[in-house]
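>>> sequence and predicted model, in that order:
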Amino acid sequence: MYGAIAISFFTIFFFISWLWLIWRVDVYFGLVYAMLFVYTIFAQFGYYFRPDISMRIDAYFGEEVFWPYYRLVVLSFTMLFVLLSTLGPKLLRYTYYDVGRSASRLGIVFLLLSLVQWGFLLGVLITRSVELSYGAASGDEFGSDTLLTVTGMTFKAMTPDLLVWWYILREKAWSRFYWPLFGAALILFATYCLKLGNRTDILALFLGIGSYEFARAHTNGKLIKWLFRMMLFGGAVICFAMTVDRIRSGGGDGDSRSMEEKLVLNDYYAPSHMLFAAISYDFVRPGEVVKSNLNNAMILRGYPYLQATITDLFKPGLATRSQGYAFYIFTEGYLVFGRYGYLYNGIVIFCGLMMWRMFSLGNSPCVNRFAIMLICAMAANCVRGQSAYFIKYSYMYFIPAFLMFYLATGMRLVWPGLVIRRSCTAALKLSNQGQQRNNVKPIRT
């Protein structure tokens, strides 16, 4: 009874605060806020009302753990909402870099790099198809098979590359002749997702393209058309993700789970159990958080993720750098400050989100629109990982993606020293100056 009231209260609070962020602050902040909700609400429902589901994944620690978990999550959401709705609008009013355009034509270099990437992946798919699996070609560490590890890294780099292609084709920067080539690359991407059992990159691509199309639809006043397209596109993505899940679990008709279990026990269910486990074992290790984040902000260090450290408390040896329960970022606050971890969660996540958001706060509407694709694509990844990902993805995905974007369009980022000037840039929207130049209606900031 009390659990139902508590979860209902939290859900109502989330929707009110989420709508405020969407309409009054920033759509990107609202997207990440929604992802944080998805990764906890199913875990709350399952852990309290259907503990057998958590028992199935060997991560049930007793009913008494639920209330400290609930308290920390609600206060973390509150803290994050306060920071996003108060400091966020102030920081979004600034331009953090200028954009210059190169006179040299480097589009052929971008095309050749893409073809090399796709050719390499196709070659591995043809010659090593049987060996491709989630564990063999995942992560950023070189294992026993270097080729498969490099293949996994190359596949991960395909998402930002496809986003660059989507941008230049939709902006008509390149000829329509390249659409079939892009379609072939999408087929290759989907094939690798099926082989590796990968669903997060599918979601990342969907979120990136969806955010870009939202910016275009908002500018052109075609939000209804955008919503209809996203519903169709989203339905196709869900069907594809279900197919991936079926293949990853072995296929067949032996799955006797009810629809409720299939809905709850998904990729977004297990990560929150890291917080349940940390509370159950009273696992507060700020030093370990610092060491893990420092090491995992870099590649090729081999230091265990925090999810592996926690999993070893109740399932030793289960978690690796490429497999396990994953991680819910709010867990990190508890590991640092215990029951007061909501203070850490609010501040650290706000700083990480704002750091990423600055990539889309330049003086060029075109570059802003591309940058918002990148940061929205990574929304789910930052929720299901530790805070080191804010640093790691900045140089592993954003900087290489901006380099590819420069090669394809000739537009580059130019930092004007320490000068920060006021701008009318708003979330997921063109600057008012750019809108007026393009003869479209301004958007309220």
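Done, it's in. Numbers count the residues shown, from 1 in each chain.
>>> which residues of the stretch 301-445 of the chain fall in strands?
Taking DSSP state E, counting those that start in this stretch as the test, the strands found in the stretch 301-445 of the chain are 411-414, 421-422.
>>> quick one: which of those strands has the weakest pLDDT on average?
Least confidently modelled of the strands of the stretch 301-445 of the chain is strand 421-422, at a mean of 41 by mean pLDDT.
>>> can you give me the strands for the stretch 101-250 of the chain?
For the stretch 101-250 of the chain, strands defined by DSSP E, counting those that start in this stretch do not occur.
>>> so where is it shaky, pLDDT-wise?
Within the stretch 101-250 of the chain, the stretches with pLDDT under 70 are 103-105, 134-145, 173, 248-250.
>>> kindly recompute the last result at 50.
142 (pLDDT under 50).
>>> just list the residues touching Q307, thanks.
P271, M274, A319, G324, Y325, A326, F327, Q386 (Cβ atoms under 8 Å, 6 or more residues apart in numbering). All C-beta spots, glycine's among them, are computed from the backbone N, C-alpha and C.
>>> from I347, how far out is P89?
According to Cβ to Cβ, to the nearest Å, P89 and I347 sit 17 Å apart.
>>> please read the previous query as pertaining to R216.
In terms of Cβ to Cβ, R216 sits 34 Å off from I347.
>>> do E131 as well
E131 sits 44 Å away from I347, going by Cβ to Cβ.
>>> also F276?
Applying Cβ to Cβ, the value for F276 to I347 is 23 Å.
>>> which of these two has more residues huddled nearby?
Taking neighbours as other Cβ atoms under 10 Å, F276 and I347 compare with F276 leading, 24 against 14.
>>> so where does the more buried one fall, helix or strand?
helix 273-280 (DSSP states H and E).
>>> got the buried residues for that helix?
By neighbour count on 16 or more other Cβ atoms under 10 Å, the buried set for helix 273-280 is H273, M274, L275, F276, A277, A278, I279, S280.
>>> same question, stretch 341-357
Quick answer for stretch 341-357 (16+ other Cβ under 10 Å): 341-342, 344-346, 348-350, 352-354, 356-357.
>>> same check on stretch 398-405?
F398, A401, F402, M404, F405.
>>> pLDDT at the first one, what is it?
Predicted confidence (pLDDT) for F398: 87.
>>> please apply the same query to the third one.
Reading off the confidence values, F402 has pLDDT 88.
>>> put the alpha carbons of stretch 65-82 into PDB.
Presented in PDB, the C-alpha positions along stretch 65-82 are these (Å, rounded to 0.1, in the frame of the first residue of the first chain):
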ATOM      1  CA  VAL A  65      16.400  -1.800   1.100                       C
ATOM      2  CA  PHE A  66      13.700  -0.200  -1.000                       C
ATOM      3  CA  TRP A  67      13.000   2.800   1.200                       C
ATOM      4  CA  PRO A  68      16.600   4.100   1.500                       C
ATOM      5  CA  TYR A  69      16.800   3.600  -2.300                       C
ATOM      6  CA  TYR A  70      13.500   5.500  -2.800                       C
ATOM      7  CA  ARG A  71      14.600   8.400  -0.600                       C
ATOM      8  CA  LEU A  72      18.000   8.800  -2.400                       C
ATOM      9  CA  VAL A  73      16.400   8.600  -5.800                       C
ATOM     10  CA  VAL A  74      13.700  11.200  -5.100                       C
ATOM     11  CA  LEU A  75      16.100  13.600  -3.500                       C
ATOM     12  CA  SER A  76      18.500  13.200  -6.300                       C
ATOM     13  CA  PHE A  77      15.800  14.000  -8.800                       C
ATOM     14  CA  THR A  78      14.800  17.000  -6.700                       C
ATOM     15  CA  MET A  79      18.400  18.300  -6.400                       C
ATOM     16  CA  LEU A  80      19.000  17.900 -10.200                       C
ATOM     17  CA  PHE A  81      15.700  19.600 -11.100                       C
ATOM     18  CA  VAL A  82      16.500  22.600  -8.900                       C
END
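>>> so which residues make contact with it?
Under the criterion Cβ under 8 Å, 6+ apart, residues 3, 6, 10, 13-14, 17, 20-21, 33, 36-37, 40, 44, 47-48, 272, 275-276, 279-280, 330, 333-334, 339, 341-343, 345-347, 349-350 lie in contact with stretch 65-82.
>>> what's the mean pLDDT across it?
Mean pLDDT, computed over stretch 65-82, is 96.
>>> same check on stretch 330-343?
In this model, stretch 330-343 carries a mean pLDDT of 95.
>>> OK, contacts around L207?
Contacts of L207 by Cβ under 8 Å, 6+ apart are L31, C376, A377, A379, A380.
>>> show me what contacts the last one?
Translated: A380. M35, T200, L203, A204, L207.
>>> export the buried residues of stretch 398-405 as TSV, with columns for distance to L147.
Below are those laid out as TSV (distance: Cβ to Cβ, whole Å):
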residue	distance to L147
F398	26
A401	24
F402	28
M404	23
F405	29
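>>> the residues you listed in helices, which ones?
Residues from the buried residues of stretch 398-405 lying in helices, with DSSP state H as the criterion: A401, F402, M404, F405.
>>> burial count for the closest residue to the first one other than its chain neighbours?
On the basis of Cβ to Cβ, 6 or more residues apart in numbering, the spatially nearest residue to A401 that is not a chain neighbour turns out to be P160, at 3.7 Å. A total of 26 residues lie near P160 under the criterion other Cβ under 10 Å.
>>> repeat for F283
Neighbour number of F283 under other Cβ under 10 Å is 17.
>>> cool, thanks, talk later.
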